[in-house]
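Participant: Give the three-dimensional model of this entry:
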Amino acid sequence: MRTIDVNEAIDQSPFGRFQWMVVALCGTLLVVDGYDVFVAGTVLPTLIQEWGLTKPQAGALQAWALFGMMFGALILGPLADRIGRKKGVAISFVLFTSATVLTGFAETPGQFKFFRFIAGLGCGGLMPNAVALMNEYAPKRLRGTMVALMFSGYSVGGMVAAGLGIGLIPSFGWQPMFFIAAVPLLLLPLILWKLPESLGFLIKQGKQDEAKRIFARINPATPLAADDRLIFVEVKGASTSVAELFRHGRLLRTLMLWLSFFCCLLLVYLLSSWLPKVLQEAGYAERASLLSLFSLNFGGMAGAIMGGRLGDRFGLPRVVVGFFAAAALSIALIGVNPAPGLLFALIFVAGATTIGTQILLYASVAQLYNLSVRSTGLGWASGVGRIGAIVGPTMGGVLLARELPLGQNFLIFALPAAIATLAMMVFALSNARSSDRAQLATV
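Facilitator: The predicted structure is shown next:
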C-alpha cells in the first residue's frame, strides 16, 4: 500500500495530454468570459445613439457588470469550496452566458443594467475557479506559463467580440452581439463530461475511487494499485488578519501594489469601454474603431505571455515598471491622432502593457507574501483592483462629457499608468532594500 501526495506527484510528473486538455478547456471558458466582458464596449456607441444616453449614463451602464463581477467572486468562489470546482465553473458559465443572451432582449437601460449585473456575477465566479483548477493540475515549474496561456483566452474573447462587432453591428444592430452568446452554451455538455473535478476536493470528500480515475490519467505510465491511497497535503499557516499584510516591513509595498492594481484595472476597463466611441468621435469609421478593441486584446494576449517570460528572466518588479511606463507613453501618443498603422500599433502596446500586466501583478503579490497570508493578500489586492475597474468606465463617461480635445483626453487616460509606474518603482526599491536586509541578516 502506498500513500501518494497528489501535489508532489503532479510536480514530478511530465506535463501530458490530460493537463493540456485542462489548459484548453479552461482557456476556452475564458474566451467566452472575455467575450462577455468586452462585448459591451463594442455596442456602447450604438446604445448611446439609440437610447439617447449621455456619456456619464453610458459609463454607469458599463459599471453594472463590474459590480456583478465583484460580488460573483465573493459569492461563487467560496460556494465552489463546498460543492466542487467543476460545479462552480458550470454554474458560473451557465449564469453569464444565459444573462448575456437575455441582454439582447433589453429594451431599456434599466433592463440592460440588470442582465449585465447577472452576467457579471457569473464572470466573477468563473475566473477564480478556473485559475484554481489550472493551478492544481499544473506542476509548479510550469504553473506560471500555463496560467498565462489560460489567461490569454480572455484576450482572445475580446478579439472575437471586436471581430464580430465589425461584421454584425453595422448591418444587424447591437442585439445579435448578445444573442450569439447562446452558441457557447452548446459547450456545457463537453465541460461537464471532460473538465475534471478538483483532486483536493474529491480527496477531502472521501471519493478515493473518482480521484484515482482522474489521477491515473495524469501519468498513465505509473499505474495505481487497488490499495494505494491518495492524499492532498495543504500547508496552512496561522489564521491571519488583514493587518498582517502590513507587518514585517511590508506596509509600503502592500500599498504600492494596491495602488498599481487599482490603476491597472481602471485602465483595462476604461479603454475597453470607451476606446471605440472616442475613435469614432475623432473621425474614424465604425469598423476602424471596433478594430481598436481587436488590437487592444491581441496586445493583451501577447503581453501576458511575453511578460511572464521576461519576469522570470529579469525580475517581476523591473518588468512591471517597464510595462506601465510603456502604457503611459502609448496611451498618451494615441491622443496625437497618428496615422492608422501607428495608431493600431500604439493600441497593441497599450493592450500588452495593461491587460497583460494584470497577471504580472498577481504574481508580484504571490511573491511578496508568505503562504499563511498569500490568499488574503491576493484577495485584497484583487478587491482594490475591482474598485478601479468600476471607476474606469464611469470616469471615462464623465471626462468625455466635458468634450475636451482628443489629445487632452488621452493625456488624462495616461495618468493612471504614470501613477502606477511610480508606485511600482517605489515597490521595486523597497523590495530591493528588504532583500538586502534579509541577506545581511543571514551573514
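
Participant: So, low pLDDT: which residues of the stretch 301-443 of the chain?
Facilitator: The model of the stretch 301-443 of the chain has pLDDT under 70 over residues 371-372, 374-375, 436-443.

Participant: could you show me where the helices are in it, in order?
Facilitator: Per DSSP state H, counting those that start in this stretch, the stretch 301-443 of the chain carries helices over the ranges 316-334, 340-354, 357-368, 371-401, 406-442.

Participant: so which of those helices gets nearest Ala282?
Facilitator: helix 406-442 (5.2 Å; Cβ to Cβ). Any C-beta I mention is one placed from the backbone N, CA and C, and that applies to glycine too.

Participant: Just name whatever secondary elements that closest one is in contact with.
Facilitator: Packed against helix 406-442 by the contact rule (3 or more Cβ pairs under 8 Å, 6 or more residues apart in numbering; DSSP states H and E) you find helix 251-281, helix 316-334, helix 371-401.

Participant: Quick one: distance of the helix or strand where Leu47 lies to the chain centre.
Facilitator: Assessed by DSSP states H and E, Leu47 sits inside helix 17-51. Offset of helix 17-51 from its chain centre (Cα atoms, centre = their mean, to the nearest Å): 11 Å.

Participant: Please look at Ser330 and Leu342 and confirm they touch.
Facilitator: No - counting by Cβ atoms under 8 Å, Ser330 does not reach Leu342; the two are 10.4 Å apart.

Participant: So those two - more neighbours on which side?
Facilitator: Ser330 (23 against 12; other Cβ atoms under 10 Å).

Participant: For stretch 171-191, which residues meet the burial criterion?
Facilitator: Trp174, Gln175, Pro176, Met177, Phe178, Phe179, Ile180, Ala181, Pro184, Leu187, Ile191 (16 or more other Cβ atoms under 10 Å).

Participant: Let me know the closest of those residues to Leu121.
Facilitator: Of all the buried residues of stretch 171-191, Leu121 sits closest to Ala181, with 14.9 Å by Cβ to Cβ.

Participant: Val101 is in contact with the closest one, correct?
Facilitator: Yes - the pair Ala181 and Val101 qualifies as a contact (Cβ under 8 Å) at a distance of 5.0 Å.

Participant: quick one on the thing from earlier: quick one, the helix holding Leu47 and helix 251-281 angle?
Facilitator: 50 degrees (axes from the mean of the first three to the mean of the last three Cα atoms, to 10 degrees).

Participant: Counting by contacts, list what the helix or strand following helix 17-51 packs against.
Facilitator: Helices and strands here follow DSSP H and E; after helix 17-51, the next one along the chain is helix 55-83. Here helix 55-83 touches helix 17-51, helix 85-103, helix 109-137, helix 251-281, helix 371-401, going by 3+ Cβ pairs under 8 Å, 6+ apart.

Participant: ok, 7 Å please
Facilitator: helix 17-51, helix 85-103, helix 109-137, helix 371-401 (3 or more Cβ pairs under 7 Å, 6 or more residues apart in numbering; DSSP states H and E).

Participant: can you tell which of the ones you listed is closest to Ala428?
Facilitator: Short answer: helix 371-401, nearest of those by Cβ to Cβ, at 16.5 Å.

Participant: List the buried residues for the closest one?
Facilitator: 373-374, 376-382, 384-397, 399-400.

Participant: Stretch 59-73 now?
Facilitator: Those would be 59-70, 72-73, for stretch 59-73 by 16+ other Cβ under 10 Å.

Participant: Restricting to C-alpha, output it in CSV.
Facilitator: Written as CSV, here are the backbone C-alpha positions of stretch 59-73 (Å, rounded to 0.1, in the frame of the first residue of the first chain):
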residue,chain,number,x,y,z
GLY,A,59,-20.3,54.8,-18.2
ALA,A,60,-22.6,53.8,-15.4
LEU,A,61,-24.3,51.3,-17.7
GLN,A,62,-20.9,49.6,-18.2
ALA,A,63,-20.2,49.6,-14.5
TRP,A,64,-23.1,47.3,-13.6
ALA,A,65,-21.3,44.2,-15.0
LEU,A,66,-18.2,45.1,-13.0
PHE,A,67,-20.3,45.3,-9.8
GLY,A,68,-21.6,41.9,-10.6
MET,A,69,-18.1,40.5,-11.1
MET,A,70,-17.0,41.8,-7.7
PHE,A,71,-20.0,40.1,-6.0
GLY,A,72,-19.6,37.0,-8.1
ALA,A,73,-16.1,36.4,-6.9
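
Participant: quick check: mean pLDDT across that stretch?
Facilitator: Here stretch 59-73 scores 84 as its mean pLDDT.

Participant: Likewise for stretch 101-114?
Facilitator: Mean pLDDT, stretch 101-114: 94.

Participant: Identify all contacting residues around it.
Facilitator: Residues from elsewhere that reach stretch 101-114 (Cβ atoms under 7 Å, 6 or more residues apart in numbering): Trp51, Leu53, Leu61, Trp64, Phe115, Arg116, Ala119, Gln175, Phe178, Phe179, Ala181, Ala182.

Participant: gap between the first one and Leu399?
Facilitator: What it means is Trp51. 20 Å (Cβ to Cβ, to the nearest Å).

Participant: do the same with the third one
Facilitator: For Leu61, the distance to Leu399 under the criterion Cβ to Cβ works out to 16 Å.

Participant: Test my guess that Leu378 contacts Ala363.
Facilitator: No - proximity of Leu378 to Ala363 does not meet the contact threshold set by Cβ atoms under 7 Å, at 10.2 Å.

Participant: which intervals of the stretch 51-200 of the chain have sub-threshold pLDDT?
Facilitator: Judged by pLDDT under 70, the stretches of the stretch 51-200 of the chain that qualify are 144.

Participant: ok, back up a step: of the helices and strands packed on helix 55-83, which is nearest Ala225?
Facilitator: With Cβ to Cβ, the closest approach to Ala225 among these belongs to helix 17-51: 19.9 Å.
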